[in-house]
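Colleague: Attaching a predicted model along with its sequence, questions to come.
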Amino acid sequence: LKREITHRKLRGEVVTWEEYCRRFPDEPALVAALFPLRESLRPLFEKCGYALVDQIESGRTGDVYRVLHHAEKRLYAAKIIPAFLVRPGALGGQQVVNLDYLLQPHIARPTELLQADGNLLLFNDYVEGMNFAQIVEQFGQLAVGVACELMRQVARGLAPLHDHGKAHGAMTPTTLVVAT
């Protein structure tokens, strides 16, 4: 299974802990071994005021973790963009980057962008719900009208990025979440 995961990541697929939990429901120890929490990340998140809860997904542009903000006692999704993908001085010494154009109902609200130990950490509101891959796996092929409505909402979420000359860069069925 480790070889399968490695090959999938090399092909650019997003590999999630939840997917392997569904595939191997009677093997929690096996799944835990495939997706160990990277204990070395705990100090990184602690330095930024968060506690590491678990890993949500792993993709070619970085891993995403569920984290708890110490002061606010709220869950956030934190994407670590590895140092080798970050341009030197990417934040130009700034602590705050203006992401106001992303503040709209069809995209998880970004809350912080920090640089620590050479990595960029992007914190977003954590969205509770099912992603597109989970929906299709559980319910099968969607009715055309439902699929069109979901894609209309995705397009509305991506429009502000496009308007500002940006691209999402990691749009996959596992990153599209229908909030509950």
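Modeller: Structure's in. What do you need? Please read all numbers here as calculations on a predicted model, not as lab measurements.

Colleague: Output the below-cut-off pLDDT ranges for the protein.
Modeller: By pLDDT under 70, the low-scoring segments of the chain are 17-18, 28-29, 32, 35-39, 59-61, 82-102.

Colleague: tell me the centre residue of it?
Modeller: V64 (4.2 Å; CA atoms, centre = their mean).

Colleague: who does it bridge with?
Modeller: Using DSSP bridges, the bridge partners assigned to V64 are E57, K79.

Colleague: quick one: contacts for K47?
Modeller: A116 (CB atoms under 8 Å, 6 or more residues apart in numbering). In short, each C-beta sits where N, CA and C put it, glycine included.

Colleague: And it, its phi and psi?
Modeller: K47 adopts backbone torsions of phi -60, psi -30, taken as degrees, to the nearest 10.

Colleague: roughly how far apart are it and A147?
Modeller: 42 Å (CB to CB, to the nearest Å).

Colleague: cool, and L158?
Modeller: Distance from L158 to A147, by CB to CB: 16 Å.

Colleague: Neighbour count for these two, which is higher?
Modeller: L158 (16 against 13; other CB atoms under 10 Å).

Colleague: That one - that's part of a strand, no?
Modeller: No - counting by DSSP: H, G, I helix; E, B strand; the rest coil, L158 is located in no strand; its state is helix.

Colleague: That one and Y76, how far apart?
Modeller: Counting by CB to CB, the gap from L158 to Y76 is 21 Å.

Colleague: Run through the strands of this structure in chain order.
Modeller: 15-16, 50-59, 62-69, 75-81, 110-116, 119-125, 129-131, 177-179 (DSSP state E).

Colleague: I'd like those laid out as TSV, including distance to L30.
Modeller: Below are the strands of the chain laid out as TSV (distance: least, CB to CB, whole Å):
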stretch	distance to L30
strand 15-16	15
strand 50-59	16
strand 62-69	20
strand 75-81	25
strand 110-116	32
strand 119-125	29
strand 129-131	22
strand 177-179	26
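
Colleague: Looking at those strands, which is nearest to A33?
Modeller: The minimum distance between A33 and the strands of the chain falls on strand 50-59, with 13.1 Å, by CB to CB.
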